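Asker: using only what follows, build the 3D model:
(chains A and B)
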Amino acid sequence: MFITTFKSITILMVLTVILTACNPAKDQPNNQAETATKNITYATAKDINDMNPHLYAGSMPAQGIVYESLVENTAEGIKPLLAESWDVSPDGKTYTFHLRKDVKFHDGEPFNAEAVKQNIEAVQRNSEKHAWIKLSTKIKACRVVDEYTVELVLAEPYYPTLAELSMTRPYVFISPKDFKNGETKDGVNGYHGTGPYVLADHQPEQYATFKANPNYWNGTPTIPMITAKVLPAGETTYLALQKGEVNFAFTDDRGADSVDVEAVEQLIASGKYQRVQSESMNTKMIVANTSRQASPVHEQAVREALWYVVDRETISKDIMGGTEAPAYTLFSKNVNDADIPLQERAYDPQKAASLLDSAGWVSTEGTGSRSKNGKPLTMKLDYDSNSSSQKIEAELIQSAAAAIGMKLELTGEESTSIANRRSTGEYDLLFNQTWGLAYDPQSTIAGFTSQNAYLYATQGIPEAPKLYKTIDQIMTTTNEQTRQQLFTDVLTIVHDEAVFIPITNGNITVVAPSDLKGITFKQTQYELPFEQMSFEK
Amino acid sequence: MSIYIVKRMVLAFLLLIIISLITFAFINLSPLNPAVVVLQAQGIPDTTEELIRQTEQQFGLDRPFFVRYLDWGMACLQLDFGHSYVTNQPVWSTLGPAFVNTFKLTLVSSIAIMIVSVVLGVICALQVGKKVDKTVRGIAFILTAMPSYWLAALMIWYFSVKLDWLPTSGMDSYRSYILPVLIITISYAGIYFRNVRSSMLSNMNKDYVLYGRASGLKESVVMMHILRNSLQVAISIFCMAIPIILGSTVVIENVFAWPGLGSLSIRAILSRDFPVIQAYVLILAISFVIFNAISDMINAAMNPRLRNGL
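Answerer: A predicted model of the protein is given here:
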């Protein structure tokens, strides 16, 4: 028996060695010392996943370097990308795009009007999944005029057309050869875009490598290879950065920093790394559900009082470590059409208390909390338990509110539950953020009328009908000046009604080798232009 | 013996049915509409009533609970665990490789745990009460008490960053195994070697040892007899360590970016990828049942008295 036991142990050991040896010991580019200084290996908490650009499971930073859109959204407005130029018909319903003639997909297929038509039609055939992007409900037809000219016909004029065509998905182009049975909605056979990088290798849940596209129409990128390495734990990312196994990290698409503020400081102190921060990309805020008639949150004075008890300076300085600036309006001034004069409501608990007093919310003897007609001033505040900062922010706001007799009950829930509450209206107050520069203000404002976004938040205010009518007008007006005025009206209404209580402005933080130059940002918080980066010689 | 095996297997099968039913029921208790969950898992930013209806039809979510359970159960018997909500790939195509990766790590770790436990257990038993015994037990106590994620971060810092001997994470070559195996061994061997030690000690005081010595057997022969009887414990350890480690590598896999079951399950839970969660629970349950049965059968083979216990 003793011998049999030993035999089985030996067999198991041999089996283990074989299994271990079977493990492909791939030469990962980041392990080679000589290329380590020339390439970028970035840490990512999630795998790049399904890279199909007409669906939503893939990683946006990765999709951003493989696929391109017709036009690009920049700080200076819409610029040409795969379309050299475009004309808009006087009625605003027909967009004619003149395509670049020197573009090929990664598999060698030509990029032409036919490819554009096939891609756009494939997206439209799955339009239910693209309901969030209103353009998908406006496109009537896509016609080939000649080999490099394509016409997009809309059912009615829609001003954010170009902005929505510039987004990372879904209106980007994949080689028609990758289509499965002429469709992209049930998966694709390959991931060939027209972008500066080509997906070269993908080991699910381990890493993905992207090689510089030698035939890129805008010149081959300087950095030959970008690797996305999956590192779920922040501590490991920090140690891997120290060791040089990865040399690049940035704020992920949910706004969570993988490496904490102090660790970044240490990396920079070592001299090997630099930190680059984008300007404000979005606004983190508390959304008030004005349609909850039974809750105090229905009342404007209560929402305004809450606005006054948010100590944004302290949140920015102590909770966010100075990485995010205090926000006093729904959109920061650098957002298109949003630089308008609005009353600034800074931290002022006394003002908050007097607002409540005049609205009839009076302190009950002994308890210190307020009530009106026997109804206590109590509201629920839901935060995302996956966020590292929301809970602390919520507690700070809770204590400041308690000091003026307003009771906030905090509940931490998963991101999906928070999203579910938002779309069913089952909340008083919840943490949220605007969608980012490329999407603000038009997509966020369009969200005011969408049940899944902010319909419940906005429909309880007296001016709601006017608000929705103005939003409709914004989307269809073709006059720039009129639109600016309409935007001002919308933003003023929701500001005065204190529907969206801003906290801080989020941004992207990049940790990169100190000799990496050309680190710039796009208009979205989800991608980085790696093709513009290069190492100092 | 064969009756014992048949009884054991019937019991195991019943257990699996109960576990799968409970898993399926718990996941369906969620207050969210499963179609909405599917769409959220796919990252669809906005949902419409029409889309929800389409999704319900596509995934068959509009059918009654027991019909869905039976369909799922029958498909599972053919190793078809459905499609992941997130990637739309067959669950097995992600769960399979992840299971193999975790199993490799588990197997190497279990062997390391067994060797370390037996060696330390025997040494401590022979040196009972002496300095060596006390020191080993003291160090094991301290090491076992350390949280593994903390110990892992320390080890990565020292061996990978400072000494530059090993990779910090990933699964590139045999060198990637060293640190995770070390951490898992430290966490478990510290507990298991005590079992070997006490088993050795109790055997050393048995009558057969006294008679053996009295009849003039060589000390090495006596030791072999003691070891053989004590090894029953080691086999149980080995068999039970495998499913336990399989199910508890979450922390280690997360820290070492090991593309295994632990990381997969966490991701599936966070994105509510129900088919993956169900398959994960089922696979773990099967591993527990199988290894438990193997352990019982080996012990029963070695010790006939156990066969009548069922």
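
Asker: now stretch B:190-205 - C-alpha only, PDB.
Answerer: Below are the C-alpha coordinates for stretch B:190-205, written out as PDB (Å, rounded to 0.1, in the frame of the first residue of the first chain):
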ATOM      1  CA  GLY B 190       1.000  25.700   8.200                       C
ATOM      2  CA  ILE B 191      -2.300  24.100   9.100                       C
ATOM      3  CA  TYR B 192      -1.900  20.700   7.500                       C
ATOM      4  CA  PHE B 193       1.500  19.800   8.900                       C
ATOM      5  CA  ARG B 194      -0.100  19.800  12.400                       C
ATOM      6  CA  ASN B 195      -2.500  17.100  11.300                       C
ATOM      7  CA  VAL B 196       0.500  14.900  10.100                       C
ATOM      8  CA  ARG B 197       2.300  15.700  13.300                       C
ATOM      9  CA  SER B 198      -0.500  14.700  15.600                       C
ATOM     10  CA  SER B 199      -1.300  11.600  13.500                       C
ATOM     11  CA  MET B 200       2.300  10.600  13.800                       C
ATOM     12  CA  LEU B 201       2.400  11.200  17.500                       C
ATOM     13  CA  SER B 202      -0.800   9.100  18.100                       C
ATOM     14  CA  ASN B 203       0.600   6.300  16.000                       C
ATOM     15  CA  MET B 204       3.900   6.400  17.800                       C
ATOM     16  CA  ASN B 205       2.100   5.600  21.100                       C
END
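
Asker: what residues sit buried inside that stretch?
Answerer: B:190, B:192-201, B:203-204 (16 or more other Cβ atoms under 10 Å in any protein chain shown). In short, each C-beta sits where N, CA and C put it, glycine included.

Asker: which ones are touching the closest residue to A:Thr492 other than its chain neighbours?
Answerer: In this structure, A:Thr492 finds its nearest non-sequential neighbour in A:Leu342, 6.6 Å apart by Cβ to Cβ, 6 or more residues apart in numbering or on different chains. A:Leu342 makes contact with A:Tyr328, A:Thr329, A:Leu491, A:Thr492, A:His495 under the criterion Cβ atoms under 8 Å, 6 or more residues apart in numbering or on different chains.

Asker: wait, isn't B:Leu143 in contact with B:Gly190?
Answerer: Yes. B:Leu143 is within contact range of B:Gly190, at 5.5 Å (criterion: Cβ atoms under 8 Å).

Asker: returning to what we had before: and the contacts of A:Leu342, which two are furthest apart?
Answerer: A:Tyr328 and A:Thr492 (14.1 Å; Cβ to Cβ).

Asker: quick one, helices of the stretch 201-310 of chain B?
Answerer: B:207-214, B:219-247, B:250-255, B:261-270, B:274-302 (DSSP state H, counting those that start in this stretch).

Asker: ditto for the stretch 1-150 of chain B
Answerer: Using DSSP H, counting those that start in this stretch, helices in the stretch 1-150 of chain B cover B:2-28, B:34-41, B:49-58, B:65-77, B:91-126, B:131-145, B:148-155.

Asker: buried residues in the first one, which are they?
Answerer: Yep, that's helix B:2-28 we're talking about. Buried residues in helix B:2-28 (16+ other Cβ under 10 Å): B:Tyr4, B:Arg8, B:Ala12, B:Leu16, B:Ile19, B:Ser20, B:Thr23, B:Phe24, B:Ile27.

Asker: output the contacts of A:Leu342 in TSV, with neighbour count, pLDDT and secondary structure appended to each entry.
Answerer: Converted to TSV, the contacts of A:Leu342 look like this (neighbours: other Cβ atoms under 10 Å in any protein chain shown; pLDDT from 0 to 100; DSSP: H, G, I helix; E, B strand; the rest coil):
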residue	neighbour count	pLDDT	secondary structure
A:Tyr328	19	93	coil
A:Thr329	22	93	coil
A:Leu491	21	93	helix
A:Thr492	15	93	helix
A:His495	20	94	helix
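
Asker: ok, those residues vs chain B, which is closest?
Answerer: A:Leu491 (22.0 Å; Cβ to the nearest Cβ).
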